[in-house]
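Q: this one's structure only:
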Ligand SMILES: NC(=O)C1=CN([C@@H]2O[C@H](COP(=O)(O)OP(=O)(O)OC[C@H]3O[C@@H](n4cnc5c(N)ncnc54)[C@H](OP(=O)(O)O)[C@@H]3O)[C@@H](O)[C@H]2O)C=CC1
Ligand SMILES: CC(=O)[C@@H](O)[C@H](O)COP(=O)(O)O
Ligand SMILES: [Mn+2]
């Protein structure tokens, strides 16, 4: 049996992780559930999954939840200290990082320093602190198992010998605006951007898919997870999201992983690895399906090319791009800026940043804070 702490249990990945736990019989157990302020849902989750601890980032939410759970043997903790304690507890084997945003960096590092396995959904953490996270994982000999569907696909297709790998091919749905002209992109509404053609996800990643920043973040995520040069990472538009990604070997052979657009598969694989558990999730039906592949439109969706440039430069620049994007996407969700303005803000913040090559936590957090402030100034 594996014992889990789930960071972001009330979100899209968090809820699906709990569904995997429910289907796993005795294989998985919950130590802690962590969220920001969704008390109604986390109260239901706590009553159903009996964690030892529930942590709310928000102090008021923690206070309210403490009252609601007072008759149960569940401790309610709060803030970043509470989150860190929930991941380093000795009984925890695996931490599922399903928080959205760079806020996941400190708990991920703390979990690694405490020797925990990471089931990583929170790609922003790896974009902001990739070198530090990967070197900590190596130092502590902790596995980082991908949950992101493309990275799980690549992980499932990888052979042991890294030398024989030629490139990885990350598939992208293209989002709701695949094939749109610049003129059409100027008319994008929040409602349309929140409508992903294939996946039901949280708001932030759904907007990232619509700008293709999600694929840019995933290119950087792949660079760190699989130790691949940027030249060895190719993006291909595949609007059906059936082929989740592919790996090409030096003999020209290509291996792909296919499946329904159901995140419970990669989540379960990260939690069952190295085993594959039987489940009763709906199976992929190929009949009547046409699978197509296209070159990405780098002019219409400049976030992808920007992410390659930023990833290649490295240092504190990926943390800055990520932070500016988090602020710009939030402003778009609040209808304070237009869809096209997201890219303008992120580009401008990146262009103004004095990149530092030292990659300790303090430099990353300073760069992140600076980028958030600068992006906010550009919005107001
Ligand atoms: N959804 C998907 O299918 C996929 C998601 N991912 C990645 O997984 C991560 C989560 O995505 P998703 O589940 O869609 O996001 P959601 O927005 O649905 O959920 C985010 C979760 O994080 C919690 N949270 C947010 N901010 C904080 C904070 N400051 N402190 C503590 N908890 C916080 C939220 O709590 P609360 O409810 O209280 O706000 C919620 O539980 C992202 O990094 C995303 O890129 C990767 C691949 C696929
Ligand atoms: C489910 C998942 O892993 C998401 O990252 C998804 O891939 C987003 O789709 P896009 O390919 O549109 O970014
Ligand atoms: Mn993905």
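A: Yes, it's here. These numbers were taken from a predicted model, which means no experiment stands behind them. Ligands and ions are numbered 1, 2, ... in the order given.
Q: When you work out contacts or count neighbours from here on, use the C-alpha atoms and nothing else.
A: OK.
Q: Residue in the protein with the shortest distance to ligand 2?
A: residue 172 (3.4 Å; C-alpha to the nearest ligand atom).
Q: Contacts only, for the closest residue to that residue other than its chain neighbours.
A: Sequence neighbours aside, residue 237 is the residue nearest to residue 172 in space, at 4.7 Å (criterion: C-alpha to C-alpha, 6 or more residues apart in numbering). By C-alpha atoms under 8 Å, 6 or more residues apart in numbering, the contact set of residue 237 is 171-174, 293-296.
Q: can you rerun that using 10 Å?
A: 169-175, 178, 292-297 (C-alpha atoms under 10 Å, 6 or more residues apart in numbering).
Q: which one among the residues you listed gets closest to residue 326?
A: Nearest to residue 326 among the contacts of residue 237: residue 175, at 18.2 Å, using C-alpha to C-alpha.
Q: Skip the chain neighbours and tell me the closest residue to the closest one.
A: residue 210 (4.8 Å).
Q: next one: phi and psi at the residue sitting furthest away from the middle of the chain?
A: Of all residues in the chain, residue 71 has its C-alpha farthest from the mean position, at 35.0 Å, by C-alpha atoms, centre = their mean. As for residue 71, its main-chain torsions (degrees, to the nearest 10) stand at phi -90, psi 0.
Q: Quick check: the gap between it and residue 48.
A: Separation of residue 71 from residue 48 (C-alpha to C-alpha, to the nearest Å) stands at 14 Å.
Q: so where does the residue nearest to residue 175 fall, helix or strand?
A: Counting by DSSP states H and E, the element that carries residue 210 is helix 203-211.
Q: Show me what the host helix or strand of residue 349 is packed up against.
A: Assigned by DSSP H and E, residue 349 belongs to helix 339-352. For helix 339-352, the helices and strands in contact under the criterion 3 or more C-alpha pairs under 10 Å, 6 or more residues apart in numbering; DSSP states H and E are helix 182-185, helix 203-211, helix 302-313, helix 317-333, helix 361-379.
Q: pLDDT of the shortest one, averaged?
A: Spelled out, it's helix 182-185. Mean pLDDT, helix 182-185: 96.
Q: helix or strand right after that helix?
A: Toward the C-terminus, helix 182-185 is succeeded by helix 190-193 as the next helix or strand (DSSP H and E).
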